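> sequence and predicted structure below; questions after.
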Amino acid sequence: MNMQDAMAKPVRHSRMAMWRRQHAWCLRDSLRQLARRPLGTALTIAVMGSALALPLAFYLLLVNVQHLATALGDSQSVSVFLKQNVDARGANELAGTLRARSDVGAVTVRTPQQGLGELAAMQGFGDAIRSLPENPLPFALLVEPRAGTDRVQVAAMVRAVRAMPGVDLVQDNGQWRARLDALVALGRRVTLLLAVLLGTAAVLVIGNTVRLDIRSRADEIAVQQLIGASAAFVRRPYLYEGAWYGLAAGIVAVLLVLLLEAVLAVPVRDLVASYAGRLHFGGLPWVTLVIALAVAVALGWCGAWIASSRYLARLGNSG
């Protein structure tokens, strides 16, 4: 190792140590500035936290609507109810005819006894079923379209099945599922737009707050620039300030969503019990909440960067 390399190594270490000290000072200074105005800081964090909690609440609603759709029937199955005079042999023959179709994946034959047992297992139907003198249910076929079949092909299959002899009623279970999927897709779009709008509002709120703070410390900034401070050095405390705002607002938003989940826990438990446990509702995963915190910090940093950069650019133009 020559003398030049030996001198360069301490210089690099000293620069890294200076960089760490500068960031540590900016971190502490930004916290002190927030603590100097506790009421204004608390109000800004509360407004931002409430704004960020709304998209999370809508997303929580969408997730549980999807759980509801899965529990009540996730497939595009078609229920075919046969006439009362069709016996087991006729039901099996019709099932074989349907299985031979290219647009049918599987066909399941449901006997009247199976249908009556399912009704008896449902809450509120047991006493009524036991009072019946005989089984009034016909044979039924559960037809599953072949994988990859679109709604147009399923609709054509339903029309063909309705025209078959011995068929009394055809119930296309995939229609309500398609409507629900369209509703969920619309909800996703609304949630995304709401998140963008409220995220923009959060950036503007933090930007305005940081702008007022910069204006109140204009003399301090002027002194820093006179002694040779760079624009990055002057901007850095305000970036940390915006990040602190974002982190605190993200924590408030997460706490509000967790509070919402706790408030809804009892009625949701009663709803699940009424469906004999077939429904499943859950809260937002922790990964989503952590991502929400990271996004809140990024929004705060972005608002502070916009406000501080505009102020410094204006000073440069005036100078």
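Great, that's in hand.
> which SS state does the residue most central in space within the chain fall under?
Nearest to the mean C-alpha position of the chain, by CA atoms, centre = their mean, lies Y59 at 3.5 Å. Using DSSP: H, G, I helix; E, B strand; the rest coil, the structure places Y59 in helix.
> number of residues surrounding the closest residue to it other than its chain neighbours?
Among residues not flanking Y59 along the chain, T191 sits closest, at 5.6 Å (CB to CB, 6 or more residues apart in numbering). For every residue, glycine as well, the C-beta is placed using N, CA and C. Using other CB atoms under 10 Å, T191 has 19 neighbouring residues.
> T191 is in contact with L62, isn't it?
Yes. At 6.3 Å, T191 and L62 qualify as touching, with contact defined as CB atoms under 8 Å.
> report all helices and strands that the helix or strand that contains the residue nearest to Y59 contacts.
T191 belongs to helix 174-216 when assigned by DSSP states H and E. Under the contact criterion of 3 or more CB pairs under 8 Å, 6 or more residues apart in numbering; DSSP states H and E, helix 174-216 touches helix 38-73, helix 151-162, helix 231-263, helix 286-318.
> quick one: the third one to helix 174-216, angle?
An angle of 140 degrees separates the directions of helix 231-263 and helix 174-216 when computed by axes from the mean of the first three to the mean of the last three CA atoms, to 10 degrees.
> one more: the shortest one?
Taking the same axes, to 10 degrees, one finds that helix 151-162 is oriented at 160 degrees with respect to helix 174-216.
> what helices or strands is helix 151-162 leaning on?
Packing contacts for helix 151-162, counted by 3+ CB pairs under 8 Å, 6+ apart, involve strand 78-82, strand 140-145, strand 167-172, helix 174-216.
> one step back: need the contact list for the residue nearest to Y59.
55, 58-59, 62 (CB atoms under 8 Å, 6 or more residues apart in numbering).
> now it: how far from V203?
18 Å (CB to CB, to the nearest Å).
> cool, and L141?
57 Å.
> where does pLDDT dip in the stretch 101-250 of the chain?
119-136, 148, 173-177 (pLDDT under 70).
> and R188, how far from V196?
From R188 to V196 the distance is 13 Å (CB to CB).
> so those two - more neighbours on which side?
Between R188 and V196, counted using other CB under 10 Å, R188 has the larger neighbour count: 14 against 11.
> that one contacts V65, doesn't it?
No. Under the criterion of CB under 8 Å, R188 makes no contact with V65, lying 10.4 Å away.
> for the helix or strand encompassing L31, what is the average pLDDT?
Assigned by DSSP H and E, L31 belongs to helix 3-36. Helix 3-36 carries an average pLDDT of 67.
> go on, stretch 254-272?
pLDDT averaged over stretch 254-272 gives 82.
> how far off centre is it?
16 Å (CA atoms, centre = their mean, to the nearest Å).
> same check on stretch 191-210?
A distance of 18 Å separates the centroid of the chain from that of stretch 191-210, by CA atoms, centre = their mean.
> report the buried residues of it.
Within stretch 191-210, the residues that count as buried by 16 or more other CB atoms under 10 Å are 191, 194-195, 198-199, 202-203, 205-207, 209-210.
> what's stretch 294-308 in contact with?
So stretch 294-308 is contacted by 48, 52, 199, 202-208, 210-211, 214, 234-235, 238-239, 241-247, 249-250, 253 (CB under 8 Å, 6+ apart).
> no further questions, thank you.
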